[in-house]
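> predicted model follows, preceded by the sequence.
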Amino acid sequence: MIEISGALGALSATVGALKVALAARDEAKIDAAISDLKERLFDLQAANLHVVEELHASQTKLHALIGERDQLKSKLRERGLYALANLAKPPSEFWAYRYQGDEGAADGSTASVHYLCQACFDNDRKTVLRRDESQFGSYYACTVCKTDFHI
């Protein structure tokens, strides 16, 4: 019977060793799977960071374009307040932009009517023409581009 108990003890030790070996093998597989998952997670985080950076760049560009659009709308609205007018007596021509905004005010005044230099206004400068008198008569002059014309 001693032999049987020795054999059972050896068998029990072998079963225990097999359990440890299986546990170690399973743990190695689990560790490998966790390592693979961590690598995939890192790749996904890197891809996510790239997408977030692209989104930020797109939003920055969008805000810049919205600002540019608003500026262009403002310029267009302002240009709509002016119309080209010939200030010279025919057959001569001297073109300037005439303010149309407050024409026909409630009190009948035309105080806000003024003329802008065409050359300056076409180059995004808003320069009011100065009307003056000389020994040769009335004339309009631009103080920026120095254009003048006797009327």
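Nice, thanks for sending it over.
> which residues sit against stretch 138-146?
For stretch 138-146, contacts defined as C-beta atoms under 8 Å, 6 or more residues apart in numbering pick out 87, 94, 96, 115, 117, 119-120, 125, 127, 129-133, 147-151. The way it works is simple: take the backbone N, C-alpha and C, and place the C-beta from them, glycine included.
> so which of those residues belong to strands?
Judged by DSSP state E, strands contain the following of the contacts of stretch 138-146: A96, Y115, C117, R130, R131, D132, E133, D148, F149, H150.
> just the closest of those to A46, please.
Lowest distance from A46 to the ones in strands among the contacts of stretch 138-146 (C-beta to C-beta) belongs to C117, with 57.4 Å.
> tell me the contacts of that closest one?
A96, Y97, R125, T127, V128, L129, C142, V144, C145, T147.
> in JSON lines: these, plus pLDDT, distance to L55 and neighbour count.
What follows is those, written out as JSON lines (pLDDT from 0 to 100; distance: C-beta to C-beta, whole Å; neighbours: other C-beta atoms under 10 Å):
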{"residue": "A96", "pLDDT": "91", "distance to L55": "48", "neighbour count": "24"}
{"residue": "Y97", "pLDDT": "92", "distance to L55": "43", "neighbour count": "23"}
{"residue": "R125", "pLDDT": "90", "distance to L55": "39", "neighbour count": "13"}
{"residue": "T127", "pLDDT": "90", "distance to L55": "44", "neighbour count": "19"}
{"residue": "V128", "pLDDT": "91", "distance to L55": "46", "neighbour count": "17"}
{"residue": "L129", "pLDDT": "90", "distance to L55": "50", "neighbour count": "23"}
{"residue": "C142", "pLDDT": "91", "distance to L55": "48", "neighbour count": "22"}
{"residue": "V144", "pLDDT": "90", "distance to L55": "44", "neighbour count": "13"}
{"residue": "C145", "pLDDT": "89", "distance to L55": "46", "neighbour count": "14"}
{"residue": "T147", "pLDDT": "80", "distance to L55": "50", "neighbour count": "17"}
